[in-house]
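*Asks:* Let me see the structure of the following:
(chains A and B)
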Amino acid sequence: MIRILGLILLLVLSHCTRKTKYIEASNVQLTTPLINSTSLFASKSNKIETAYMNSSTSLEVIYLDRAENKTYNSKESVVLDQIGTYKLRAINPPFLPSEWIEIKVLPQGKPIKSIDWISDVSPNYFKGGSAVLNDGKSADISFHSNGWTGSNSPFRLKVKLDAPIAVDSLTLGVLYNPSAWICPRSEVQITIKDKLAVVQKEFDIAVEGNLNEQKHAFVSFDLREKASEIQLDFIPKNLPKEHPGAGTPAWLFLDELIIY
Amino acid sequence: MGTVALSPSLFWECSQGNPLIVGHGNFKYQVDPNWGVLDATKTPVKDCHEMVQTQNGDLYLLTNHTKNNILVYTLDGKLKNSWGTQFPGAHGLTLFDENGTEVLWITDYERNQVFKTTLDGKILLTINAPQELEVYKDKTKFKPTETAIAPDGSIYIADGYGAQMITHFDAKGNLLNAFGGYGTAPDKFQNAHGICLDQRFGNTPTLLITAREQQAVKRFSLGGEHLNTIALPGANICRPVIHNNNCYFSVLKSTGVNNDDSGFVMILNEKDEVVSCPGANFSEDATGQKHYHQNLRLFKYPHDVCVDRDENVYVAQWNSGNTYPIKLKRV
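*Replies:* Predicted coordinates for the structure are as follows:
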């Protein structure tokens, strides 16, 4: 009798633990949804926008600077009123959570009077024009969106300020999407002008990541000069050697230019 | 486009320990990732570009790995044969029944040529860049991605990676006609990636041609007249594959999500309505426009689908880390 019961138990257990050859939900990762903020800057009106996210999916949010962690259902608002870095991912058990994405919430910059984009070549991806560089909005991750403006040939940005001010640094929002030949790799010569002097500084933009990644990154240049006008000359570099398009110029897509 | 039969609430059915079921409505599948996995040291793949099924049930996979451009599978995923070392840009694979004899058409965008072969790899005909056309004076502008063969044996070639022309040749390879080209007008293309002959509607066959970057498939007459465009927002569709009354697509990637490797499979019925999207879902914007987007990371960059006689779907993938096709078993 005990043997029979044991056999039955064994059969039941083996049935319960039998592995299917087909993929199970618990082994499948959720897609990383399109997550964006309504503004680049901290404020009570700056909220997370999640396009195309399923209503049964929740958002797990970590505010890194305070190590705060909270989960929001699809109907709750996520307010970004603190400067710092937020990590977000979609969760919906039994599926594996999506990849984390990071959103940086920046302090407000100093006022900019105008930004002009100057190029000998008509840029193919000038959808947003130079206006997107000073609109305070974070561009959608898709390079097709109007939030970006980009070029793979040399171009110049001329930034005019209302009055001569002390400029500590300059921050640029850039798109990293190597599968679309968009790699922030460029030489940048920054010319800082005020009434009395002209100072030139040279920098390199080189954002790292894997070839299938897409991200909105920020690069900063330490300037520490007084300026009434700042001129940035970009010379996009070639795609890196590990890229299928190695040897051809990388596209540089810009979103925002902020002066501190 | 007519009423869409998808429901967002039906994008998966699962329970812990049970196989995941993907798809919608009557087109649901279990996912078998191990079908067709081979010894990569002996029969490697690079990008798995396209697949077809022959009359005897064998499945032919085209890869741009020049150790074996063609892998021949039995239905149970075992390797039956392999051949081909001369197609570095192997991309399009079309099967055609030529008076009872099946032949393959292979496009090679790196060699700027199209080849007709026997099922065991003997080259029967080569079509070069039609340099009588101004756009192809430089033959490297001819980067063919797909073929469609008309009942009379004439060949339509889609130049999805080149000048975006659709060229029409007779069965001997002589140029008959050309249309298309790069642009945003209804009869132009941005990435004329795939083409097939649609014979679902009686005696008037038409051509279905994908405009992958435009997230649309365009219908043309055999003479090259644009008839209509089916918009599929969010879905970068590769080639149309007609099976029974339905049209299947692999979607290389979708634009409504954060990860770039965001492809899925899409199925349209004979009314051009989307009836299932394994691995994906849709959302409506404020205007009611539907956007299709991946919601599960089952696929990397699906590049083609092959539907067998039991309605199972085989998904060949580009840039997926040298992986073999994934089988979707119809449930």
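
*Asks:* and the nearest residue to A:Thr20 once chain neighbours are set aside, how many neighbours does it have?
*Replies:* With sequence-adjacent residues excluded and distances taken as Cβ to Cβ, 6 or more residues apart in numbering or on different chains, A:Thr20 is closest to B:Pro19, at 4.8 Å. Where C-beta positions appear, they are placed from N, C-alpha and C, glycine not excepted. Residues lying near B:Pro19 (other Cβ atoms under 10 Å in any protein chain shown) number 20.

*Asks:* cool, the one 10 residues further on as well?
*Replies:* The burial metric for B:Tyr29, expressed as a neighbour count using other Cβ under 10 Å, is 24.

*Asks:* cool, B:Gly162 as well?
*Replies:* 22.

*Asks:* Now do the same contact list for it.
*Replies:* Each residue near B:Gly162 by Cβ atoms under 8 Å, 6 or more residues apart in numbering or on different chains is listed here: B:109, B:112, B:141-144.

*Asks:* Any figure for the gap between the nearest residue to A:Val188 once chain neighbours are set aside and A:Glu187?
*Replies:* Nearest-residue entry for A:Val188: A:Phe203, 4.7 Å, with adjacent residues in sequence omitted and distances by Cβ to Cβ, 6+ apart. When Cβ to Cβ, to the nearest Å is applied, the distance between A:Phe203 and A:Glu187 equals 8 Å.

*Asks:* between these two, which one's more packed in?
*Replies:* Shown here are A:Phe203 and A:Glu187; by other Cβ under 10 Å, A:Phe203 has more neighbours (17 against 14).

*Asks:* Report pLDDT for that one.
*Replies:* What the model reports for A:Phe203 is a pLDDT of 97.

*Asks:* Over to A:Lys19?
*Replies:* The predicted structure lists A:Lys19 with a pLDDT of 67.

*Asks:* and the host helix or strand of B:Ile195, what other elements does it pack with?
*Replies:* Assigning secondary structure by DSSP states H and E places B:Ile195 in strand B:192-198. Other helices and strands packing on strand B:192-198, by 3 or more Cβ pairs under 8 Å, 6 or more residues apart in numbering or on different chains; DSSP states H and E, are strand B:146-149, strand B:155-158, strand B:165-169, strand B:206-211, strand B:235-243.

*Asks:* Go ahead and flag the most central residue of the chain.
*Replies:* By default, I'm working from chain A. Within chain A, one residue has its C-alpha closest to the average C-alpha position: by Cα atoms, centre = their mean, that is A:His216, at 1.4 Å.

*Asks:* hmm, I had chain B in mind actually
*Replies:* Taking Cα atoms, centre = their mean, the centroid of chain B lies closest to B:Arg239, which sits 3.1 Å from it.

*Asks:* I figured that one hits B:Ala192, correct?
*Replies:* No - the pair B:Arg239 and B:Ala192 fails to qualify as a contact (Cβ atoms under 8 Å) at a distance of 10.3 Å.

*Asks:* which residues are in contact with both of those two?
*Replies:* Between them, B:Arg239 and B:Ala192 share these contacting residues under Cβ under 8 Å, 6+ apart: B:Thr210.

*Asks:* what's the domain layout of chain A?
*Replies:* Chain A breaks down by automatic domain parsing into domains covering A:25-105, A:114-259.

*Asks:* got a markdown table for those domains, with distance to B:Ser283 too?
*Replies:* Putting those into a markdown table (distance: least, Cβ to Cβ, whole Å) gives the following:
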| stretch | distance to B:Ser283 |
| --- | --- |
| domain A:25-105 | 4 |
| domain A:114-259 | 14 |
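
*Asks:* Leaving out chain neighbours, which residue sits closest to the residue nearest to the centre of chain B?
*Replies:* Counting by Cβ to Cβ, 6+ apart, B:Gly194 is the residue found nearest to B:Arg239 once chain neighbours are left out, at 2.4 Å.

*Asks:* go on, B:Thr323?
*Replies:* B:Gln317 (6.2 Å).

*Asks:* confidence score at the one you found?
*Replies:* Looking at B:Gln317, its pLDDT is 98.

*Asks:* Next, work out how far apart it and B:Leu38 are.
*Replies:* Using Cβ to Cβ, one obtains 15 Å as the distance from B:Gln317 to B:Leu38.

*Asks:* What of B:His303?
*Replies:* Taken as Cβ to Cβ, the spacing of B:His303 relative to B:Leu38 amounts to 18 Å.

*Asks:* Comparing those two, which residue is more hemmed in?
*Replies:* With neighbours defined as other Cβ under 10 Å, B:His303 and B:Leu38 compare such that B:His303 has more, 28 against 17.

*Asks:* The more buried one belongs to a strand?
*Replies:* Yes - under the criterion used here (DSSP: H, G, I helix; E, B strand; the rest coil), B:His303 sits inside a strand.

*Asks:* which residue sits closest to it, ignoring its sequence neighbours?
*Replies:* The spatially closest residue to B:His303, leaving aside those adjacent along the chain, is B:Trp318, at 4.1 Å (Cβ to Cβ, 6+ apart).

*Asks:* From what I see, the one you found and B:Asp47 are in contact.
*Replies:* Yes - at 4.5 Å, B:Trp318 counts as touching B:Asp47 under the criterion of Cβ under 8 Å.

*Asks:* Run through chain B and note the low-pLDDT ranges.
*Replies:* Residue ranges of chain B with pLDDT under 70: B:1-17.

*Asks:* one step back: so what's the residue nearest to the centre of chain B up against?
*Replies:* By Cβ under 8 Å, 6+ apart, the contact list for B:Arg239 reads B:50, B:92, B:146, B:193-196, B:210, B:249-250, B:304.

*Asks:* likewise A:Leu161?
*Replies:* A:110-113, A:227-230, A:259.

*Asks:* swap the cut-off to 10 Å and go again
*Replies:* Applying Cβ atoms under 10 Å, 6 or more residues apart in numbering or on different chains, we find A:Leu161 in contact with A:110-114, A:167, A:193-194, A:227-230, A:259.

*Asks:* gap between it and A:Ile230?
*Replies:* When A:Leu161 is compared with A:Ile230 (using Cβ to Cβ), they lie 8 Å apart.

*Asks:* who touches both of these two?
*Replies:* Going by Cβ under 10 Å, 6+ apart, residues that sit against A:Leu161 and also against A:Ile230 are A:112, A:167, A:193-194, A:259.

*Asks:* By neighbour count, which of those wins?
*Replies:* Neighbour tally across those (other Cβ under 10 Å): the maximum, 23 neighbours, falls on A:Val167.

*Asks:* Just give the strands next to the helix or strand hosting that residue in its sheet, each with its orientation.
*Replies:* Taking DSSP H and E as the definition, one finds A:Val167 inside strand A:155-176. Based on DSSP bridges, the strands next to strand A:155-176 in the sheet, each with its direction, are strand A:114-118 (antiparallel), strand A:215-236 (antiparallel), strand A:252-259 (antiparallel).

*Asks:* highest average neighbour count across those?
*Replies:* strand A:252-259 (a mean of 23; mean count of other Cβ atoms under 10 Å in any protein chain shown).

*Asks:* Give me the distance between the residue nearest to B:Val135 when sequence neighbours are not counted and chain A.
*Replies:* With Cβ to Cβ, 6+ apart as the criterion, B:Val135 has its nearest non-adjacent residue at 4.6 Å, and that residue is B:Ala163. From B:Ala163 over to chain A the distance is 17 Å, taken as Cβ to the nearest Cβ, to the nearest Å.

*Asks:* Which residues are in contact with residue 87?
*Replies:* As the question left the chain open, I've gone with chain A. Contacts for A:Lys87 were tallied using Cβ under 10 Å, 6+ apart; they are A:60-64, A:69, A:100-103.

*Asks:* that's the wrong chain, I wanted chain B
*Replies:* B:49, B:62-66, B:69-70, B:106-111, B:113, B:115, B:117.

*Asks:* one more time with 8 Å
*Replies:* The contact partners of B:Phe87, taken as Cβ under 8 Å, 6+ apart, are B:62, B:64, B:66, B:69, B:106, B:108, B:111, B:115.
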